[in-house]
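Colleague: Quick one: sequence and predicted model below, then my questions.
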Amino acid sequence: MEFKQKHLLGIEPLSPSEITCILDLADKYVQLNRQANKHSNRLVSLTQINMFFENSTRTQASFEIAGKRLGADVMNMAMQASSIKKGETLIDTALTLNAMHPDLLVVRHPHSGAVDLLAQKVNCAVLNAGDGKHEHPTQALLDALTIRRSKGHIKGLNIAICGDIAHSRVARSNILLLRKMGNNIRLIGPPTLVPQGFSQYGCEIYDDMRAGLKDVDVVMMLRLQRERMDGGFIPSEREYYHRYGLNTEKLAYAKEDAIVMHPGPMNRGVEIDGTIADDINRSVIQEQVEMGVAVRMAAMDLLAQNLQKSRLQNPDSTNKKGVLV
Ligand code: NCD
């Protein structure tokens, strides 16, 4: 099995065997992370720069820990207070960073496609940590690892993704990944938040949560992404919780051993009831966070291997200037 990618910009370009390759290596990193000595030297002497143009708690921390565990020199750029505020374009910021010879760039940006654009301008590996409503590949990979470890496989499962699908990059990346691996996806939510167009991805669409949850193996809940909504998509949070909030009564429609997932941050009492989120027999929300570090270690390890291979084949590439088009 070979991982051929130069960047991790989305799930879309990945083959099922590349996905499996990341998950298999991540399984090994889960073991390492559970030991007292959590260090490996896979990224020693490499520089990782985290550029988060949008607020993030868990994703940024997870990428930082992942890089440090592998021995990279990790730097977090405070993009909120950066030169962007002084009028610099994304491309100029990228070229400036590129001149510092980073090896791995981890980027989160509020605009769909921005990370892709940046990747074309630099000569290092770029990882998408979430771009607008487009993709969040490491979240989908960590969700896949969580499901695979909990169910023993990741094929032929019935998986419900519930809530604000329209504004969610997590939903998009998960749909792409879980379909590629041969699972059945049901999207559940009000029509305002679950566009019919998603049926083109081979998903079934439900606006009745009880019908949608019937006999599913996995229930994935999503936050209402208010920062990306330009108008009223739901009548009120109370009404939304009543119809689409996951509680014990609605969860009873799923299989008895169905697991409950959430990418975080969670809004208790809006999309999920606190007792379900805290139920250690059903909720795998903490496992998702644990798998996040391992998946990011695996992705950065594989990308760094490919980067080093291409630098050996083309030794001048490291000194090339970024491309200004
Ligand atoms: C998600 C994101 O930022 O897209 N969170 C995350 O990465 N853990 C989902 C969200 O913000 O609701």
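Modeller: Received it, and whenever you're ready, just let me know what you need. Numbering: from 1, shown residues only.
Colleague: Give the helix, strand or coil label for the closest residue to the ligand within the stretch 201-325 of the chain.
Modeller: Taking C-beta to the nearest ligand atom, the ligand has its nearest neighbour within the stretch 201-325 of the chain at Arg223, 3.7 Å off. The way it works is simple: take the backbone N, C-alpha and C, and place the C-beta from them, glycine included. Counting by DSSP: H, G, I helix; E, B strand; the rest coil, the backbone at Arg223 sits in coil.
Colleague: Might one say that it is in contact with Arg268?
Modeller: No. The pair formed by Arg223 and Arg268 falls short of the contact definition of C-beta atoms under 8 Å, at 10.8 Å.
Colleague: More neighbours: these two, which one.
Modeller: Arg223 (19 against 14; other C-beta atoms under 10 Å).
Colleague: Can you tell me the closest non-neighbouring residue to that one?
Modeller: Counting by C-beta to C-beta, 6 or more residues apart in numbering, Arg223 lies nearest to Asn267, which is 5.7 Å off, once chain neighbours are set aside.
Colleague: Pretty sure the one you found sits against Leu224.
Modeller: Yes. Applying C-beta under 8 Å as the test, Asn267 and Leu224 come out as touching, 7.0 Å apart.
Colleague: Give me the common contacts of those two.
Modeller: Residues touching both Asn267 and Leu224 (C-beta atoms under 8 Å, 6 or more residues apart in numbering): there are none.
Colleague: List the contacts of the closest residue to Leu246 other than its chain neighbours.
Modeller: The shortest distance from Leu246 to any non-neighbouring residue, by C-beta to C-beta, 6+ apart, is to Ile272 (4.9 Å). Ile272 is in contact with Met221, Gly245, Leu246, Val260, His262, Met266, counting by C-beta under 8 Å, 6+ apart.
Colleague: Compute the number of surrounding residues for the fourth one.
Modeller: Pointing back at Val260 there. 20.
Colleague: which phi and psi does it have?
Modeller: Note on Val260: its backbone torsions stand at phi -110, psi 130 [degrees, to the nearest 10].
Colleague: For it, name its beta-bridge partners.
Modeller: Val219, Ser283 (DSSP bridges).
Colleague: wait, what's in contact with it?
Modeller: Val260 neighbours (C-beta under 8 Å, 6+ apart): Val219, Met221, Leu246, Leu251, Ile272, Ile276, Ala277, Asp279, Arg282, Ser283, Val284, Ile285.
Colleague: one more time with 10 Å
Modeller: Residues near Val260 by C-beta atoms under 10 Å, 6 or more residues apart in numbering: 218-221, 246, 251, 254, 272, 276-277, 279, 281-285.
Colleague: Neighbour-wise, give me the winner out of those.
Modeller: That'd be Val219 among the contacts of Val260, by other C-beta under 10 Å, with 29 neighbours.
Colleague: just checking, that one touches Leu251?
Modeller: Yes. Counting by C-beta atoms under 10 Å, Val219 does reach Leu251; the two are 6.8 Å apart.
Colleague: who touches both of the two?
Modeller: Common neighbours of Val219 and Leu251 (C-beta under 10 Å, 6+ apart) are Met209, Leu213, Ala258, Val260, Ile272, Ile276, Arg282.
Colleague: Considering only the residues you listed, which also neighbour the ligand?
Modeller: Contacts with the ligand are made by none of the shared contacts of Val219 and Leu251, judged by C-beta under 6 Å from any ligand atom.
Colleague: Show only the entries of those found in strands.
Modeller: Val260 (DSSP state E).
Colleague: Return the subset of the shared contacts of Val219 and Leu251 lying in helices.
Modeller: The helices, defined by DSSP state H, take in Met209, Leu213, Ile276 from the shared contacts of Val219 and Leu251.
Colleague: Which residues of the chain lie near the ligand?
Modeller: Counting by C-beta under 6 Å from any ligand atom, the chain sits next to the ligand at Arg58, Thr59, Gly130, His136, Gln139, Arg169, Val170, Arg223, Gln225, Pro263, Gly264.
Colleague: Leu176 is in contact with the fifth one, correct?
Modeller: No. In this structure, Gln139 is not within contact of Leu176 by C-beta under 10 Å, at 11.7 Å.
Colleague: more crowded one of these two?
Modeller: The neighbour comparison of Gln139 against Leu176 (other C-beta under 10 Å) goes to Gln139, with 27 against 21.
Colleague: any idea how far that one lies from Gly189?
Modeller: Note on Gln139: its distance to Gly189, by C-beta to C-beta, to the nearest Å, is 18 Å.
Colleague: Just the pLDDT for Ile154.
Modeller: Ile154 carries a pLDDT value of 98.
Colleague: pLDDT averaged over stretch 33-45 - what is it?
Modeller: Averaging pLDDT along stretch 33-45 yields 97.
Colleague: neighbouring contacts of that stretch?
Modeller: 26, 28-29, 32, 65-74, 103-104, 290-291, 293-294, 297-298, 300-305.
Colleague: at 7 Å instead, please
Modeller: By C-beta atoms under 7 Å, 6 or more residues apart in numbering, the surrounding residues in contact with stretch 33-45 are Leu32, Gly67, Arg69, Leu70, Gly71, Ala72, Val293, Ala294, Met300, Asp301, Ala304.
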